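**Q** Sequence plus the predicted model coming up.
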Amino acid sequence: MASAIFYILGFTALAATALCITRRNPVHAVVYLVNALFALALMFYQLGAPLVAAWEVIIYAGAVMVLFLFIIMMLELAPASAEMQGPGWRRWGPVLLLSLVILGCTLALLGIQADQDGVPAFWVSPRAFGAALFDQYALAVQVVSFQLLYAAVGAFYVGKGSLRRRTQGEETP
Amino acid sequence: MSAGLLFLILAFPLLGALGNLLLGELLLRRVRAAVAVAAVAASALTCLLLWPLAAGEGTRATLFTWLESGTFQVSVDILFDPLSASMTLMVTLVSTLIHLYAAGYMEDEVDTTRFFVLLNLFVFAMLCIVLADNLLLLFLGWEGVGFCSYALIGFWYAEEKNAAAGRKAFLVTRVGDVFFGIALLWLFALCGTLSISAINAQASLLGSGTLLALTLLLLGGACGKSAQLPLMTWLPDAMAGPTPVSALIHAATMVTAGVYLLCRLFPLVSLSPTGMMAIAAVGALSALYAASCALAQREIKRVLAFSTMSQVGFMMLAVGAGAVSAAMFHLFTHAFFKALLFMAAGCVIHLTGGENDITRMGGLRKQSPFVFWLFLAGALCLAGAPLTGGFFSKDEILLADFARATLFYRGIWLLGTCTALLTAIYTFRLVYMVFAGEPRSHFHGHALPGPMRWTLPPLALLALGGGLLNLPPLYGGKEHLHQFLGPLAGTRIHASHAVEWALAVLAVALFFLGWALVHWRHRRAAPEPVGALPAFLLSGWRADRLVERGILRPFQVLAGWCWQWGDGRLIDGTLEGAGRLCLSGGERLRRLATGRLSTYLTALAWGLVVMLGYFAWRIL
Amino acid sequence: MIVPMSHILAFSAALFVMGLACVLAQRNLIMILIGVEIMLNAVGLTLVGASALWQKVDGQIFVIFLMAMTSAEVSISLAMVVYLRRRKGTLEADAFDGMKG
């Protein structure tokens, strides 16, 4: 049962990704990608990584993809292309179908969990995960945090530079 | 008396040089000169006071260890034995007088600080040569005098001619220094030490071929410094320097350094009979060559320069005959009378207002009897007038040659005797041309400053009485110098009284013959001969042209070829070719960098494919 | 393990190739970045699978680091996207050839 759900989720992710990379409209692509990420998160959960699964949803599907959407909308990149035309089910159908499959799998997984059957042999609890991360990989955490700081500074600098240029009117697009 | 005090002899001139170097510009001109003179005089005084230390084996003193590396050890140590002590005394005494003279001579010159610094530095370096007990310290002094000589010849460097003369002297002596340097390294390789006394003690253990080669190398070094054939071309040109410099460096002291070196290493040199013959031959040929050239020279200082070369040739001749005491004897008397002659020549030039050409002089005897008599005193010594210093010393050299009864040395003796006749002729020619008759042109002369006058009589006394230093038993003397030098005096001369008398009479006869010839010519007031032979002699046997044709021109051609083909085509071509290759390679590679993201991403993907392909291939 | 490791690897390889295809085929900077995200997620799947296979927590920890680095990368690159868009008025990747040799 659990294995079947895993394969279903895997093919769902593949399908969502395939749809994602073929879109011309970036907004659509991001939505399909979010679908794929949800499926992936569930696969992580099945492989005994609940914390990673949670972060997959929170960081990837939540933060990163929303950031993508913000930028796309800010720059008005979504074209009013042919994809937007046509009947409604063609636009909504695939997304709905994928979402329903994922929802079904989630419910099924919850059911299995309740049965105490198919609980994976390998299961990393958040406590064990945190202990390993901050004990064994303390230095790496420091390094990565610095990396994030640099990224923040870099992003700020690049964004500010373009802001200043625009206000000075040096380069108008 | 402590042996360490001996270093004061070296220290005074160095201190004088340093003092003038650092403070000279702040001092009055007279004080500057006084510092320089006092430094050298103090050195002479110290040498006199410490004289007892030189007796017997002499005294050795070590100041500090200079270099040390494994078995290689060089310390700054000096040897104050009879040879070096007598040489030191001569150098410091003559230097003191010449410094005094220079104080007068340079009275109206600018930049006397540089002059006195270099002069003092020269005395220091010369004393290093004289006193050094190891060859490296000697070499230091050797190069030091070379540098000072270069800088002083070109003292009036604003004139291209003077600077060129300084360069020439420096480069030509450098050729000799190379030989000396090789000899030095070889001696260290053979003996494991550079101490002169140790090398002399070990010399008898070396093979005869090695000894010959070493002797020839040392002779090469001595030839460069002492202006002997074939490295003699620099000395006549060196007269471009101020006259005190010519007197001190190019007559009395530095040019005799080569002779002194051979005397110092005489125990080594004397072991090679062939080497000794080479030394004698070089000396005799140089003496004859220079004397013949001096016959035709027109500049007063050039005549004296060629005569210096000739007299140094006599000294080499003496060393070659094994008579170190005779060589040193002649070295001393020559230093006195040649310094005297140069200084008197400086007075002559001063009196005639800077005129150097003897064909335009004449009649100076009436104008300044004082200078005439002193110049005559020096000239008589040079010409070998009976009972003057030069007579005895030259006689002893010829006797030492004659006493070696082989055909070779008889031939050398004959050359020496001919040279003696030529010497008398050119000396009297000089005297007659400058002092006799009526003035040939009108001069605006200067008055002689005091120091230029006072310093001449003492030198004249030393020159005329120089024979007393080493008066042979024949004339009732006791050969003081020979006795004093003791074991360093070289081979003893064995000659019967009859031979000695015969040679002395011959020398007197040659002297008077030369005088008579010149007198006869000038009585009739014959003009200077013109023709091929005088021109040939005037140009120094065309030695300069020979060097230019034989060495400089081929070298220039070779250098030009190296420059145009080797450097221009080969090296530059290679480098430019490599540069062009890089450039064209870069031009092709440049196309890879399209600046487009898609290209790079594709390249990335292909890289991935290659890596994966490699892994797949490894697995399969 | 509920599924064989080879199947997990197959899934992740398929995801990776799709991401790569997106990166290579698309000309829009945003789409290229999305392709990069897909490829990174494929790697994450491999890491989690390996973690389950070896029964070790390290693989999952590396996924966390991967996410952190991705966030950094995304923040910088999106800032660049904004900047470039303002400068050139387009997001076509081939329009930017300022580094042409």
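**A** That came in fine, so what should we check first?

**Q** before we move on, what SS does the residue of chain B found nearest chain A have?
**A** Nearest residue of chain B to chain A (CB to the nearest CB) works out as B:L601 at 14.3 Å. To be clear about C-beta, it is placed using only N, CA and C from the backbone, and glycine gets the same treatment. Classification of B:L601 using DSSP: H, G, I helix; E, B strand; the rest coil returns helix.

**Q** Tally up the residues packed near it, please.
**A** 17 (other CB atoms under 10 Å in any protein chain shown).

**Q** For it, give me the pLDDT.
**A** Note on B:L601: pLDDT of 86.

**Q** in terms of contact, does it touch C:L24 like I think?
**A** Yes: B:L601 lies in contact with C:L24 (CB atoms under 8 Å); the separation is 5.9 Å.

**Q** and the residue of chain B closest to chain A, what does it touch?
**A** C:V23, C:L24, C:I32 (CB atoms under 8 Å, 6 or more residues apart in numbering or on different chains).

**Q** Among the residues you listed, which lie within helices?
**A** Among these, DSSP state H puts C:V23, C:L24, C:I32 in helices.

**Q** Can you pull the residues of chain C lying near chain B?
**A** C:20, C:23-24, C:27, C:29, C:32, C:93-94, C:96-101 (CB under 8 Å from any CB of the partner chain).

**Q** Give the PyMOL command for selecting the buried subset of these.
**A** Here is the PyMOL selection string for the buried members of the residues of chain C next to chain B, based on 16 or more other CB atoms under 10 Å in any protein chain shown:
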select buried, chain C and resi 20+23+29+32+93+96
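
**Q** Please produce a markdown table containing the residues of chain C next to chain B, extended by distance to chain A and secondary structure.
**A** Below are the residues of chain C next to chain B laid out as a markdown table (distance: CB to the nearest CB, whole Å; DSSP: H, G, I helix; E, B strand; the rest coil):
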| residue | distance to chain A | secondary structure |
| --- | --- | --- |
| C:L20 | 10 | helix |
| C:V23 | 9 | helix |
| C:L24 | 10 | helix |
| C:R27 | 10 | coil |
| C:L29 | 10 | helix |
| C:I32 | 11 | helix |
| C:A93 | 14 | helix |
| C:D94 | 17 | helix |
| C:F96 | 14 | coil |
| C:D97 | 17 | coil |
| C:G98 | 13 | coil |
| C:M99 | 17 | coil |
| C:K100 | 20 | coil |
| C:G101 | 24 | coil |
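
**Q** And the residues of chain C next to chain B, which is closest to B:L100?
**A** Of all the residues of chain C next to chain B, C:G101 has the smallest distance to B:L100: 79.1 Å, by CB to CB.

**Q** Check that closest one and give its pLDDT.
**A** At C:G101, pLDDT is 67.

**Q** and what of B:E528?
**A** 66.

**Q** Could you do A:Q113 as well?
**A** 61.

**Q** Same check on A:N25?
**A** Looking at A:N25, the pLDDT reads 82.

**Q** Likewise for the one 3 residues further on?
**A** We have a pLDDT of 85 for A:H28.

**Q** next one: the one 5 residues further on
**A** Looking at A:L33, its pLDDT stands at 91.

**Q** what does B:L214 give?
**A** 89.

**Q** how near is B:P82 to A:I102?
**A** Look at B:P82 and A:I102: by CB to CB, to the nearest Å, they are 117 Å apart.

**Q** cool, and B:W515?
**A** Distance from B:W515 to A:I102, by CB to CB: 136 Å.

**Q** and the ones in helices among the contacts of B:L601 as TSV, adding pLDDT?
**A** Shown next, in TSV, are the ones in helices among the contacts of B:L601 (pLDDT from 0 to 100):
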residue	pLDDT
C:V23	89
C:L24	89
C:I32	90
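
**Q** Just give me the closest of those to B:T352.
**A** C:I32 (99.5 Å).

**Q** all helices for chain A, in order.
**A** Under DSSP H, chain A gives helices at A:2-22, A:26-46, A:50-55, A:65-74, A:88-115, A:126-136, A:138-168.

**Q** Next, the angle helix A:26-46 makes with the fifth one.
**A** If I follow you right, that is helix A:88-115. 10 degrees (axes from the mean of the first three to the mean of the last three CA atoms, to 10 degrees).

**Q** Buried residues in helix A:88-115, which are they?
**A** In helix A:88-115, counting by 16+ other CB under 10 Å, buried: A:P94, A:V95, A:L98, A:S99, A:V101, A:I102, A:C105, A:T106, A:L109, A:I112.

**Q** and the direction of that helix versus that of helix A:2-22, what angle?
**A** 150 degrees.

**Q** just to revisit the earlier point, show me which pair in the buried residues of helix A:88-115 is furthest apart.
**A** So, the buried residues of helix A:88-115 by CB to CB: farthest apart are A:P94 and A:I112, at 27.1 Å.

**Q** B:L481 touches B:L331, doesn't it?
**A** No: B:L481 is beyond contact range of B:L331, at 10.3 Å (criterion: CB under 8 Å).

**Q** Have a look at those two and say which one is more surrounded.
**A** Each of B:L481 and B:L331 has its neighbours counted (other CB under 10 Å); B:L331 has more, 24 against 21.

**Q** Name all residues that make contact with the more buried one.
**A** Taking CB under 8 Å, 6+ apart as the test, what B:L331 contacts is B:M87, B:M90, B:T256, B:V259, B:Y260, B:M315.

**Q** Kindly provide the whole-number mean pLDDT of the strand or helix carrying it.
**A** Element membership for B:L331 (DSSP states H and E) is helix B:324-351. Helix B:324-351 carries an average pLDDT of 88.

**Q** Any buried residues in the strand or helix carrying B:L136, and which?
**A** Secondary structure from DSSP H and E places B:L136 in helix B:135-153. Within helix B:135-153, the residues scored as buried using 16+ other CB under 10 Å are B:135-146, B:148-153.

**Q** Against which helices or strands is the next helix or strand after that helix packed?
**A** Using DSSP H and E, the helix or strand that follows helix B:135-153 in sequence is helix B:160-191. For helix B:160-191, the packing partners by 3 or more CB pairs under 8 Å, 6 or more residues apart in numbering or on different chains; DSSP states H and E come out as helix B:135-153, helix B:196-202, helix B:208-226, helix B:234-237.

**Q** Show me the helices in chain C, by range?
**A** Using DSSP H, helices in chain C cover C:5-25, C:29-54, C:58-88.

**Q** Which secondary structure elements does the second one sit against?
**A** In other words, helix C:29-54. Short answer (3+ CB pairs under 8 Å, 6+ apart): helix C:29-54 packs on helix A:2-22, helix A:26-46, helix A:65-74, helix B:597-619, helix C:5-25, helix C:58-88.
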